[in-house]
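Asker: this is the structure alone, sequence omitted:
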């Protein structure tokens with residue numbers, strides 16, 4: 001299946017369009033290396049929420065495509081201390097006095113590779129904190145984050161590689177604010193669509209949408225794991241699963257009317273999922289650490305907080321699979 005890559009302009013920015021007979025995608029490196037479009041060509045369906053204009057995008061860029069979150073979700077009072085280093089982030093959730101969504105999703109990334117290798121298309125981009133001296137106040141260590149997208153047939157593999165270029169270790173957490181059009185089909189009914197999550201625990205949140213430390217069994221666990229309708233329901237909830245869970249770590253979105261299913265997989269480091277939805281879209285957000293992890297008086301085993309030593313690299317993998325049903 002022959003692939004293609006094309007340089008285009010989207011939202012007045014340079015972007016990369018790539019695809020094959022089944023799938024076409026668009027990446028905007030200068031807009032946080034955001035995957036702003038993912039079209040399943042066999043059904044002519046745009047899977048991800050894509051802005052129609054620059055003005056629309058600027059109103060709330062986190063609600064389009066697949067923004068990369070580092071760190072993910074909220075940081076209480078915009079700061080935490082780890083091994084005598086204080087990390088300070090801008091307060092950008094004013095009503096709740098939190099920082100939200102991290103440092104990477106609104107910064108330009110460099111394009112490192114664009115190539116077609118037979119049936120595989122590979123796009124590689126990189127962010128380096130040393131390019132942004134103003135970030136030193138927030139994140140004093142030098143880091144690089146490399147993202148590699150690999151498209152084959154109807155599957156998009158995404159690898160995020162985080163490297164500590166500094167001398168001191170730092171705590172890290174990462175995730176994605178993936179925004180799916182849902183239902184997928186314009187004529188589909190929400191009550192006939194289903195979403196499932198591989199979770200069995202729910203974290204209690206306070207009025208600032210921060211974890212209280214209380215963790216409960218999920219209500220209607222089998223329904224959540226087997227698939228449920230979002231009709232008439234609104235979520236901004238934080239879930240997790242046991243390490244011993246036999247479930248595949250994947251969220252499945254099914255639109256029976258449109259005849260399409262999207263399987264969103266994460267590796268085993270993504271042990272937390274936030275579910276957020278509004279009219280016309282849903283965001284299943286895989287995280288490696290729980291919201292506000294460095295400020296919680298809980299074990300790292302519970303919160304997912306991990307340390308990256310000097311010179312160390314960690315690789316995170318996710319996958320989007322689209323198929324007809």
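Answerer: Received, thanks. Computed from a predicted model, the values in this text were never measured in an experiment.

Asker: quick one: the strands in the stretch 1-150 of the chain?
Answerer: In the stretch 1-150 of the chain, the strands defined using DSSP state E, counting those that start in this stretch lie at 4-10, 13-19, 23-28, 34-40, 45-46, 68-69, 74-76, 79-82, 85-88, 98-100, 110-117, 120-128, 143-152.

Asker: who's in contact with residue 36?
Answerer: Residue 36 makes contact with 10, 11, 15, 26, 27, 28, 48, 50, 51, 64, 65, 66, according to Cβ atoms under 8 Å, 6 or more residues apart in numbering. The way it works is simple: take the backbone N, C-alpha and C, and place the C-beta from them, glycine included.

Asker: again, but for residue 270
Answerer: 175, 249, 286, 287, 288, 316, 318.

Asker: got those residues as JSON lines, with distance to residue 166 columns?
Answerer: Formatted as JSON lines, these follow (distance: Cβ to Cβ, whole Å):
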{"residue": "175", "distance to residue 166": "22"}
{"residue": "249", "distance to residue 166": "30"}
{"residue": "286", "distance to residue 166": "26"}
{"residue": "287", "distance to residue 166": "23"}
{"residue": "288", "distance to residue 166": "20"}
{"residue": "316", "distance to residue 166": "19"}
{"residue": "318", "distance to residue 166": "26"}
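
Asker: so which of the strands of the stretch 1-150 of the chain is the most packed in?
Answerer: Of all the strands of the stretch 1-150 of the chain, strand 68-69 carries the top mean neighbour count, a mean of 26, counting by mean count of other Cβ atoms under 10 Å.

Asker: contacts for it, please.
Answerer: For strand 68-69, the external contacting residues (Cβ under 8 Å, 6+ apart) are 32-34, 101-102, 104-105, 145, 147, 160, 174-177, 285, 287.

Asker: name the member of those with the most neighbours.
Answerer: The most crowded member of these is residue 33, carrying 30 neighbours; neighbours defined as other Cβ atoms under 10 Å.

Asker: what's the separation between the nearest residue to that one once chain neighbours are set aside and residue 266?
Answerer: Nearest non-adjacent residue to residue 33, counting by Cβ to Cβ, 6 or more residues apart in numbering: residue 109, 4.0 Å away. For residue 109, the distance to residue 266 (Cβ to Cβ, to the nearest Å) stands at 21 Å.
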